[in-house]
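In: sequence and computational prediction follow.
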Amino acid sequence: MKIILLGYMTSGKSLIGKKLAQTLDCEFIDLDEWIEKKEKLKISEIFKKRGEIYFRKLEHETLKTLVLDTKRNVISLGGGTPCYSNNLDLLINKSDLKTLYLKVSMTNLVDRLFKEKKNRPLVSHIKTKEELTEFVGKHLFERIPFYTQAEFTIDADRTENEIIESILFKLF
Ligand code: S3P
C-alpha cells in the first residue's frame, strides 16, 4: 500500500510524511525532493530557468513513475500536484493508494507561508502579508475541489503527534 499526502503549500506534508513513514517503518518520498535530485536543481531554479510548464511536465512524469510501482511507501506531493486532471487520474480510485488531504486553516497557512515563501516560486514575489492573504484566499478556493477528492481529509491544525494518530486511526 502507498500512502499519498496532499494539501496546500506549508500544510506539513513533508514533515508528517517523514514521521508517518518512520512510524510505519517504510520508505518516505518527497516528490519535490525527488524532482530536485533528478534535475540537480532546486524547484525555484527549475521555475526560473525552465518555467512552470516544464516543471509541471516533470512533476507529472515523476508522479507517474512513483505511483505505478508496487512499493510500500509514503509519498508527499507538491501543493499543486493533485490540481491537474492527469495527475488526479493517477491518484483517485486506486485500490492500492490511500490519499490523505492535510487540511490547514487559511490563517495558519498564510502565517507559515509568509515565513517560508523564499523557496516557493509561486509566492516568493509577494511582499506583504495582506497581498499574500489575498493570493492564498483565491488560490486555495481554486484548489480545494481537487484536495477534497482525497479519500480522507485530516484536520491538520493540530500537533504532529495528533495528526499522525488521526491518520493511523483512519487507515487501520
Ligand atoms: C507548488 C508547491 C510546491 C512546489 C512548487 C509548486 C504549488 O511544493 O511543488 O513550488 O503549486 O503549490 P510544496 O507544497 O511542498 O511547497
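Out: Done, it's in. Residues are numbered from 1 along each chain as shown.

In: where exactly do the strands run in this structure?
Out: Using DSSP state E, the strands of the chain run over 2-6, 27-30, 73-76, 97-103, 152-155.

In: hey, C-alpha coordinates of the third one in CSV?
Out: Presented in CSV, the C-alpha positions along strand 73-76 are these (Å, rounded to 0.1, in the frame of the first residue of the first chain):
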residue,chain,number,x,y,z
ASN,A,73,5.9,3.8,0.9
VAL,A,74,4.7,7.3,2.0
ILE,A,75,4.8,10.0,-0.7
SER,A,76,4.3,13.7,-0.1
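
In: that one and the ligand, are they touching?
Out: No. Shown here: strand 73-76 not in contact with the ligand (C-beta under 6 Å from any ligand atom), separated by at least 7.2 Å. Just so you know, the C-beta spots here come from the backbone N, C-alpha and C atoms, and that holds for glycine as well.

In: run through the neighbouring helices and strands of that strand.
Out: strand 2-6, helix 13-24, strand 27-30 (3 or more C-beta pairs under 8 Å, 6 or more residues apart in numbering; DSSP states H and E).

In: okay, buried residues for the shortest one please.
Out: Of the residues in strand 27-30, those scored as buried under the neighbour-count criterion (16 or more other C-beta atoms under 10 Å) are 28-30.

In: can you give the strand pairings for that strand, parallel or anti for each?
Out: For strand 27-30, the paired strands and their directions (DSSP bridges) read strand 73-76 (parallel).

In: and Lys127, how far from Ala156?
Out: According to C-beta to C-beta, to the nearest Å, Lys127 and Ala156 sit 27 Å apart.

In: what does this structure put close to the ligand?
Out: 9, 32, 43, 78-80, 120-122.
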